[in-house]
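Participant: following is a predicted model, sequence given first.
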2 protein chains.
Amino acid sequence: MICREWASQEAVISVADLGEFGLIAAIKSLLPPDDAAVVGVGDDAAVLPAPDGRFVASTDLLIEGRHFRLDWSAALDIGIKAAAQSFADIAAMGAQPRALLFGLAIPGELPAEWVLDVTRGMVIECERAGATVAGGDVTSADTIMLAITALGSLAGRAPVTRAGARPGDKVAVCGRLGWSAAGLALLQSGRAETRSAAASLRPELAELLTAHKRPQPEYRAGPLAASAGATAMIDISDGLVQDLGHVAAASGVCIDLRTDWLPVAPALQLAGRELGTDWLGWVLTGGEDHALAATFGERAQLPAAWTVIGSARSGAGVLVDSVPWESAGGWDHFRKATQLSAGSAH
Amino acid sequence: MICREWASQEAVISVADLGEFGLIAAIKSLLPPDDAAVVGVGDDAAVLPAPDGRFVASTDLLIEGRHFRLDWSAALDIGIKAAAQSFADIAAMGAQPRALLFGLAIPGELPAEWVLDVTRGMVIECERAGATVAGGDVTSADTIMLAITALGSLAGRAPVTRAGARPGDKVAVCGRLGWSAAGLALLQSGRAETRSAAASLRPELAELLTAHKRPQPEYRAGPLAASAGATAMIDISDGLVQDLGHVAAASGVCIDLRTDWLPVAPALQLAGRELGTDWLGWVLTGGEDHALAATFGERAQLPAAWTVIGSARSGAGVLVDSVPWESAGGWDHFRKATQLSAGSAH
């Protein structure tokens, strides 16, 4: 399944050719300086300012064959995706991304350029998020793994947890829903397996592929929601229904979604027709777009780009159009069924 | 090489049996509460206090077959070692460990109890270091990988980097040198492969095995050295000579070690005789004990438990008894030679 063409490219400079310290030097040369860091990259640890006396921290893993496939995603995309998925967790607390630390486990025969492209991807997403790379670790392994720790600042705001939703609150989202899942479905269908097949796709569908490879969370929406009085917030990484289920459980409320209020991109409907699939499944259960979901008091003025999709009430769990949601709500990394054995790239 | 007995233990509850959220709940139940955290485990991100307006952060990876072997190290040891290696980086900045975040990539067929023992090990080492577990991520993978991010507080002290050593400074260490390497050599020799063989070892040698499996860094030595005016400091993770080489390079000095000043445990000499090996190699090039090395001004009063082992002067590189050090100085994770193919557990 995994495309490891580099094994036959003897002229390519590998990670092992560079050696650990050569590789680290090459990675460092790609990182923009962080003048505000007390101690930046290259020491035992980074020292970063925490102007309001607090900092926000979250960690995530990405595994080859689980979270990405080398034949579907370029190294640059993988770097972008890795940073994006972690910074989305920071934004979901109402915080501003500040820095990331990365751990990179890679086979020695991997081209050094692949690792540098992952680094370039992380740098691109750091710049989009207003953050920097503050440190890292590289080691050898048979499987490629990225471990990302994202760090952020609340800039004086109170953190928005999953636990503050109250009956009567509006439930809203900001960002894409189902795009990544639709892009993955297109890849799995074989319609975009090769570059030429992908290039011949309609532009709307190609955009779904890009959304799968490079999620583009709306980081600023998190702090804006916090300032607007969001009572609870979460990064939708495992699927809308499942992640709202976490909010419902932590807050002790029931969340009722209205499917006719959900923001649905025309491209999703197009992809649904193309693949003979109901696009609503992607919107309700697709993760990885890293949209934000939040709850707001009944009278709160929602920030721009947020869309109301339902409401909270007394009770428990998630309803879809007032009917209890029974289907698989999202992703479980250890579920024994078809997910992993089907080689999903989730 | 790797002992994966659990594959045949059908009665054992596996990670896949518990499922991602069942596993996370079981892990959470083992974590002591952190009353000082603004937001603790269980949300999108942790929010931690940074009383002096700064925080220290470092990340490290541990890979099965590279950093540990399942037939040599119990899960509890692996958790302890993972936390210790990262907290040592925090201490080496002169900071106090505060919290860790962990990423855990594991096969679904792994017994859930193994994962819980890793967690218990991390909790044990957190308590020894004065820190807590603040968050994590679990995902499935074919190879076991741990990614640890350690976070710490300088409590108003200036951070001690690798770059501040000056000609005339004393060079000193605090902690064990070569113990872990000697323990590894005992394991590799087959003298301690089985439990019964290990049990029949002399107690001094058994202590070296334990040192390899459970490094015990002297965390308090870092802040104490910072308060005593250390000009540079580093965690010895790759070997004394190699890591002092980083200090020499970052500071623009030459470091001259005196071998007759090095603290050498009698157990090392015993193990050297037993294996027909020169113990000095372990002391100079063995990593993983996570001793701290630091430089101090000529007139500085060293804190208790620190031992002077040499001095800094104008020049570059590391001398051993005034002779340039030419041998392999330590560990390179991608070196093509015998390290990895020999299946070293480093």
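Facilitator: Arrived safely. Numbering: from 1, shown residues only, chains lettered A, B, ... in the order given.
Participant: contacting residues for the residue nearest the centre of chain A?
Facilitator: Nearest to the mean C-alpha position of chain A, by Cα atoms, centre = their mean, lies residue A:85 at 2.7 Å. By Cβ atoms under 8 Å, 6 or more residues apart in numbering or on different chains, the contact list for residue A:85 reads A:60, A:62, A:148, A:215, A:237, A:288, A:290. All C-beta atoms are positioned from the backbone trio N, CA, C, and that covers glycine.
Participant: shouldn't the fifth one be within a strand?
Facilitator: No: the assignment for residue A:237 is coil, going by DSSP: H, G, I helix; E, B strand; the rest coil, so no strand is present there.
Participant: what about the residue nearest to the centre of chain A, which SS state?
Facilitator: helix.
Participant: returning to that earlier point: which of the contacts of residue A:85 has the most neighbours?
Facilitator: Counting neighbours by other Cβ atoms under 10 Å in any protein chain shown, residue A:148 leads these with 30 neighbours.
Participant: in the sheet, which residues pair with that residue? Tell me.
Facilitator: Note on residue A:148: beta-bridge partners by DSSP bridges are residue A:60, residue A:102.
Participant: now do residue A:197 against chain B, distance only.
Facilitator: Distance, residue A:197 to chain B, using Cβ to the nearest Cβ, to the nearest Å: 29 Å.
Participant: make sure that residue is actually in contact with residue A:191.
Facilitator: Yes: Residue A:197 lies in contact with residue A:191 (Cβ atoms under 8 Å); the separation is 6.2 Å.
Participant: biggest separation within the contacts of residue A:85, which pair?
Facilitator: A:148 and A:288 (14.4 Å; Cβ to Cβ).
Participant: so where do the helices sit in the stretch 1-150 of chain A?
Facilitator: In the stretch 1-150 of chain A, the segments counted as helices under DSSP state H, counting those that start in this stretch are A:15-28, A:75-91, A:112-129.
Participant: which one's more surrounded, residue A:197 and residue A:191?
Facilitator: Neighbours per residue (other Cβ under 10 Å) separate residue A:197 from residue A:191, with residue A:191 holding more: 18 against 13.
Participant: shouldn't the more buried one be in contact with residue A:201?
Facilitator: Yes: Residue A:191 lies in contact with residue A:201 (Cβ under 8 Å); the separation is 6.9 Å.
Participant: what residues does the stretch 101-250 of chain A put near chain B?
Facilitator: A:101-105, A:108, A:134-143, A:145, A:147, A:149-152, A:154, A:159, A:161-163, A:233-235, A:250 (Cβ under 8 Å from any Cβ of the partner chain).
Participant: just the ones of the residues you listed in strands?
Facilitator: Judged by DSSP state E, the subset of these located in strands is A:101-105, A:134-140, A:145, A:147, A:149-152, A:233-235.
Participant: next, the contact list for residue A:32, please.
Facilitator: By Cβ under 8 Å, 6+ apart, the neighbours of residue A:32 are A:123, A:127, A:132.
Participant: quick one: low-confidence ranges for the stretch 101-250 of chain A?
Facilitator: Applying pLDDT under 70 to the stretch 101-250 of chain A flags no residue at all.
Participant: pick out the residue of it closest to chain B.
Facilitator: Per Cβ to the nearest Cβ, the residue of the stretch 101-250 of chain A with the smallest distance to chain B is residue A:147, at 3.0 Å.
Participant: just give me the neighbour total for the nearest residue to that residue once chain neighbours are set aside.
Facilitator: Excluding the flanking residues, the one nearest residue A:147 by Cβ to Cβ, 6 or more residues apart in numbering or on different chains is residue B:147, at 3.0 Å. Residue B:147 has 32 neighbours, counted by other Cβ under 10 Å.
Participant: doesn't residue A:255 lie inside a helix?
Facilitator: No: read with three-state DSSP, residue A:255 is strand and lies in no helix.
Participant: I'd say it and residue A:244 touch.
Facilitator: Yes: Residue A:255 lies in contact with residue A:244 (Cβ under 8 Å); the separation is 4.9 Å.
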